[in-house]
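Asks: Have a look; sequence and predicted model below, questions after that.
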Amino acid sequence: MLTQAHAAHFFDGRTSARHPVTVRLSEDRIALVIEGKSLTAPLTWLLSDLRALTDTADDQRLTVTRHAQSDDESPHDVARLVILDPELIAWMHRTRPNLFRAETHPGAIRRLLIYAGGAAAACLLLLFVILPALANSLARLIPIEREIAFGKTVVRQMERQLNWLDAREGFHCTDPAGLTALDTLLQRLTGGRDMQYDISLQVFDSGMVNAFAAPGGQVVILRGLLDQAETPEEVAGVLAHELGHVESRDATRLTLRAAGSAGLLTMLIGDVTGGTAVAVLGERLLSASYTREAETAADNFALEMLANARVDVAGFGDFFDALAELEPFSLPEYLATHPATEGRAAGAHAFAAAQDETAPILTKTAWQALKAICD
């Protein structure tokens with residue numbers, strides 16, 4: 001009978017001595033009663049408090065200890081009881097489902113939650129505070145050839161996104177006369193200037209009023225911006241601004257901010273097919289804005305580039321004036337991604353007033369060809 005005494009060994013945990021004892025179930029079968037000559041008094045261990053040491057459990061031997069639940073995280077009982085009776089061992093396996101359950105003190109759960117919260121906070125701190133703060137320094141660590149390869153992949157990803165939105169074929173604008181005019185525009189701006197990238201300039205057939213610079217010298221103008229512009233000087237101003245982002249590697253910094261460590265690793269190790277950084281940056285270049293400081297620096301770069309190329313800077317201001325006149329609820333994407341800070345257009349007009357002699361950047365024929373590049 002289980003309520004009869006069975007041989008067992010008891011270790012008090014304070015010495016290495018093994019105490020021969022007997023163990024039996026209490027009459028109500030809710031506890032083990034431990035008795036022995038070396039014990040000053042019988043011990044009663046509630047079955048609900050018992051936990052088995054899994055590395056010492058088999059059909060012939062079961063070592064248990066008391067792991068009582070407590071709110072104060074008090075130490076567990078250091079004593080051990082080795083049960084030797086197969087019948088009692090089988091009964092405990094059968095009726096005590098919590099025997100091999102891992103200890104779950106409320107204090108342990110609290111600690112686990114604190115540790116998990118701390119780890120999550122550390123990750124958030126890394127991704128949203130440390131990496132953005134170090135973006136300028138980290139951008140200089142990216143090899144230019146990696147940056148160029150990554151930028152090409154980003155442009156392909158963005159092309160897929162825009163093409164999916166428009167749901168049609170023939171997304172690249174390739175009219176020969178239009179491409180010639182586009183190249184004339186680019187060469188006029190960059191001629192004689194030592195650019196750190198070979199600029200790749202494309203036009204996508206999308207109605208969005210936008211333009212963007214991807215990492216590695218990739219610049220894309222969307223047809224909607226050409227449709228909105230009244231003069232080639234307006235387009236030249238926007239292009240010069242985007243070239244300012246290129247030279248400052250702003251898109252690379254945006255990659256690090258948008259994709260965090262994934263973006264950094266993608267460009268450092270050359271995993272240009274890395275989906276996380278590519279997808280995130282593709283979305284961010286279309287919907288997120290650069291910092292006010294980056295926009296101001298790109299504006300200043302554009303003004304200086306236009307002046308050196310003898311392009312009328314007033315066109316840059318005219319473009320923003322035209323956008324600002326549109327209804328607020330139809331605000332073009334270009335203003336959403338390139339915030340029109342106070343005095344931006346006025347600054348361009350003031351700069352233009354002090355310009356020396358300028359020359360048209362395109363002929364009327366070339367301008368019409370550029371406007372029709374997607375036809």
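Replies: Done, it's in. Numbering: from 1, shown residues only.

Asks: ok, then the element right after the helix or strand bottoming out on mean pLDDT in the chain?
Replies: Averaged element by element with mean pLDDT, DSSP states H and E, the chain has its least confident helix or strand at helix 275-287 (a mean of 48). Helices and strands here follow DSSP states H and E; after helix 275-287, the next one along the chain is helix 292-308.

Asks: buried sites along that next one?
Replies: Of the residues in helix 292-308, those scored as buried under the neighbour-count criterion (16 or more other Cβ atoms under 10 Å) are 294-295, 297-299, 301-303, 305-307. In short, each C-beta sits where N, CA and C put it, glycine included.

Asks: What's the mean pLDDT across whichever helix or strand comes after it?
Replies: For helix 292-308, the succeeding helix or strand toward the C-terminus, using DSSP H and E, is helix 314-324. Regarding helix 314-324, the rounded mean pLDDT is 84.

Asks: Can you check what angle separates helix 314-324 from helix 292-308?
Replies: Relative orientation of helix 314-324 and helix 292-308, computed by axes from the mean of the first three to the mean of the last three Cα atoms, to 10 degrees: 140 degrees.

Asks: on contacts alone, who are the packing partners of helix 314-324?
Replies: Packed against helix 314-324 by the contact rule (3 or more Cβ pairs under 8 Å, 6 or more residues apart in numbering; DSSP states H and E) you find helix 223-228, helix 232-247, helix 292-308, helix 333-337, helix 344-353.

Asks: How far away from the center of its chain is that helix?
Replies: Taking the mean of its C-alpha atoms, helix 314-324 sits 35 Å from the chain's own mean (Cα atoms, centre = their mean, to the nearest Å).

Asks: Go through the helices and strands packed on helix 314-324 and name the closest to Arg110.
Replies: Proximity to Arg110, assessed across those by Cβ to Cβ, is greatest for helix 292-308 (43.3 Å).

Asks: Convert that closest one to PDB, retaining C-alpha atoms only.
Replies: Taking C-alpha atoms only, helix 292-308 is exported to PDB below (Å, rounded to 0.1, in the frame of the first residue of the first chain):
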ATOM      1  CA  ARG A 292      15.600  69.700 -43.000                       C
ATOM      2  CA  GLU A 293      19.400  70.000 -42.900                       C
ATOM      3  CA  ALA A 294      19.800  67.600 -45.800                       C
ATOM      4  CA  GLU A 295      17.200  69.500 -47.900                       C
ATOM      5  CA  THR A 296      18.900  72.800 -47.200                       C
ATOM      6  CA  ALA A 297      22.300  71.400 -48.200                       C
ATOM      7  CA  ALA A 298      20.800  69.900 -51.400                       C
ATOM      8  CA  ASP A 299      19.200  73.300 -52.200                       C
ATOM      9  CA  ASN A 300      22.500  75.100 -51.700                       C
ATOM     10  CA  PHE A 301      24.200  72.500 -53.900                       C
ATOM     11  CA  ALA A 302      21.600  73.000 -56.600                       C
ATOM     12  CA  LEU A 303      21.900  76.800 -56.500                       C
ATOM     13  CA  GLU A 304      25.700  76.600 -56.900                       C
ATOM     14  CA  MET A 305      25.400  74.000 -59.600                       C
ATOM     15  CA  LEU A 306      22.900  76.000 -61.600                       C
ATOM     16  CA  ALA A 307      24.900  79.200 -61.300                       C
ATOM     17  CA  ASN A 308      28.100  77.500 -62.500                       C
END
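
Asks: tell me what that helix is packed against?
Replies: helix 232-247, helix 250-269, helix 314-324, helix 344-353.

Asks: 6 Å instead, please
Replies: Under the contact definition 3 or more Cβ pairs under 6 Å, 6 or more residues apart in numbering; DSSP states H and E, helix 292-308 sits against helix 232-247.

Asks: I figured Gly151 was touching Pro215, is that so?
Replies: Yes - with contact defined as Cβ atoms under 6 Å, Gly151 and Pro215 form a contacting pair (3.7 Å).
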